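Visitor: For reference, the sequence and a predicted model appear below.
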Amino acid sequence: MRKKLLLVIAIGLCVEATSAQEKYFSAGADVIGTRISTKYEVTTKSSARLDIDFTIADNSSGLLINPEYHFHKTSNAIDLGEGNIVVPYHGPGLILGISQQENEFGIEFVWGLEYDTPEVPFEVFIDAGPYVLIEPATMVSISSSFGVRYKF
């Protein structure tokens, strides 16, 4: 039952993100880990992000799905000149882990910065925040990411 609920939540967030697309789609990777990172800009002040992490090891393999919704603080953006800006953002997210041993479910909240330049179709992001795993056992920790995405 939990697997079905997790799958329905993940698909719902992805469908909402794709139907709400107004600005652009970007895809890239977290340069620290093995995550693929995608983002849909919903409005100039918000975006939906989906990170997917694959794990393949000797005796286990797994999939981590991490949907988030970000609120961009464009009023606090740092103008670096010539259209280059750094925009702070924050927002909630879910952690959905599926593996051979156990499944994970958790919630998180991230704060981050995104660097954007009009001259090249790339964006650079860095964020961090606390998360709480609810299943299989309760655990509190901090997550972080640093990556680059190509804007389509």
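Guide: Now that the structure is in, tell me what you want to look at. Residues are numbered from 1 along each chain as shown.

Visitor: Run a quick neighbour tally on the residue nearest to residue 65 when sequence neighbours are not counted.
Guide: Spatial nearest neighbour of residue 65, chain neighbours left out: residue 96 (4.3 Å); criterion: C-beta to C-beta, 6 or more residues apart in numbering. Just so you know, the C-beta spots here come from the backbone N, C-alpha and C atoms, and that holds for glycine as well. If you count neighbours by other C-beta atoms under 10 Å, residue 96 ends up with 22.

Visitor: just checking, what packs against the helix or strand containing residue 96?
Guide: Assigned by DSSP states H and E, residue 96 falls within strand 84-99. Counting contacts by 3 or more C-beta pairs under 8 Å, 6 or more residues apart in numbering; DSSP states H and E, strand 84-99 packs against helix 2-19, strand 46-56, strand 61-72, strand 78-81, strand 103-116, strand 122-135.

Visitor: Who does it pair with, and is each partner parallel or antiparallel?
Guide: Here strand 84-99 is paired, per DSSP bridges, with strand 61-72 (antiparallel), strand 78-81 (antiparallel), strand 103-116 (antiparallel).

Visitor: Turn those strands into JSON lines, including mean pLDDT and mean neighbour count.
Guide: Output for the strands paired with strand 84-99, formatted as JSON lines (pLDDT from 0 to 100; neighbours: other C-beta atoms under 10 Å):
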{"stretch": "strand 61-72", "mean pLDDT": "94", "mean neighbour count": "19"}
{"stretch": "strand 78-81", "mean pLDDT": "91", "mean neighbour count": "10"}
{"stretch": "strand 103-116", "mean pLDDT": "95", "mean neighbour count": "17"}
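
Visitor: thought residue 129 was touching residue 107?
Guide: No: if you go by C-beta atoms under 8 Å, residue 129 and residue 107 don't touch, sitting 10.5 Å apart.

Visitor: Tell me what residue 78 is bridged to.
Guide: Listed by DSSP bridges, the beta-bridge partners for residue 78 are residue 86.

Visitor: Please list all residues in contact with it.
Guide: Contacts for residue 78 (C-beta atoms under 8 Å, 6 or more residues apart in numbering) come out as 85-87.
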